[in-house]
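Asks: I would like the atomic coordinates for the input below:
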Amino acid sequence: MADSPMTTKTSKIDGSKLKSITLTINGKESTVWVEPRMLLSDVIRDEIGLTGTHVGCEHGICGACTIIMDGRPVRSCLVFAVQADNSTILTVEGLAGEDGTLHPLQDAFWEKHGLQCGFCTPGMLMTAYHFLEENPNPSREEVREGISGNLCRCTGYQSIVDAVEHAAKIMRQGKE
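Replies: So this is what the prediction gives:
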């Protein structure tokens with residue numbers, strides 16, 4: 001089946017086919033034209049302008065590019081943008097309230113010194129966010145396991161675990 005004229009167009013730069021995709025990112029719907037080979041991380045950063053999603057290894061190993069897509073944590077450097085068409089995405093920018101109030105997890109990272117250089121922080125936050133949604137009362141060992149797929153170049157894991165534990169406590173208190 002051929003693409004309809006409404007969903008594809010040709011790049012003026014190199015003649016490649018572009019595809020229109022629609023993403024709902026942090027509650028805001030955006031439609032962008034992308035090359036089929038364009039990565040979701042690049043669309044989020046370069047087309048949408050949300051630079052909180054960091055790109056580290058570009059192989060899905062470090063976790064810096066982790067976002068929440070359709071309710072699941074995803075390494076955005078491993079997803080083609082066209083695969084995310086019509087998806088709902090939460091990035092680190094979407095954690096804070098509309099008034100700028102930090103999410104309890106962000107606040108805990110600040111309070112417990114869960115960041116050093118800050119490069120891994122967005123991916124850690126998104127991984128921890130999903131983890132705490134699934135397990136609101138984790139043990140310290142469960143927190144370690146929950147964030148184990150994300151790498152911190154500064155070896156700040158102790159403070160990160162402290163921050164996630166603290167956030168879990170604050171978030172539980174907020175639900176009581």
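Asks: Please report the distance of residue 124 from residue 34.
Replies: Distance, residue 124 to residue 34, by Cβ to Cβ, to the nearest Å: 27 Å. All C-beta spots, glycine's among them, are computed from the backbone N, C-alpha and C.
Asks: More neighbours: which of these two?
Replies: residue 124 (28 against 20; other Cβ atoms under 10 Å).
Asks: So which residues of this protein form helices?
Replies: Here the chain has its helices, by DSSP state H, at 40-42, 104-111, 121-134, 140-146, 157-175.
Asks: how far does the longest one sit from the chain's center?
Replies: Taking the mean C-alpha point of helix 157-175 and that of its whole chain, the gap between them comes to 19 Å (Cα atoms, centre = their mean, to the nearest Å).
Asks: Buried residues in that helix, which are they?
Replies: Across helix 157-175, burial judged by 16 or more other Cβ atoms under 10 Å covers 157, 159, 160, 161, 162, 163, 164, 165, 166, 167, 168, 171.
Asks: Surely the last one and residue 131 touch.
Replies: No. The pair residue 171 and residue 131 does not pass the contact test of Cβ atoms under 8 Å, sitting 11.5 Å apart.
Asks: Find the residue ranges of the chain scoring beneath the pLDDT cut-off.
Replies: For the chain, the stretches with pLDDT under 70 are 1-8, 11-15, 176.
Asks: residues of the strand of greatest length in it that come out buried?
Replies: Ranked by number of residues, the top strand in the chain under DSSP state E is strand 17-25. Within strand 17-25, the residues that count as buried by 16+ other Cβ under 10 Å are 18, 19, 20, 21, 23, 25.
Asks: Show me what the first one is bridged to.
Replies: So that's residue 18. Beta-bridge pairing of residue 18 under DSSP bridges involves residue 9.
Asks: same question, the fifth one
Replies: When bridges are taken as DSSP bridges, the partners of residue 23 come out as residue 30, residue 87.
Asks: in this protein, which residue is closest to the centre?
Replies: By Cα atoms, centre = their mean, the chain has its centre lying nearest to residue 67, at 1.9 Å.
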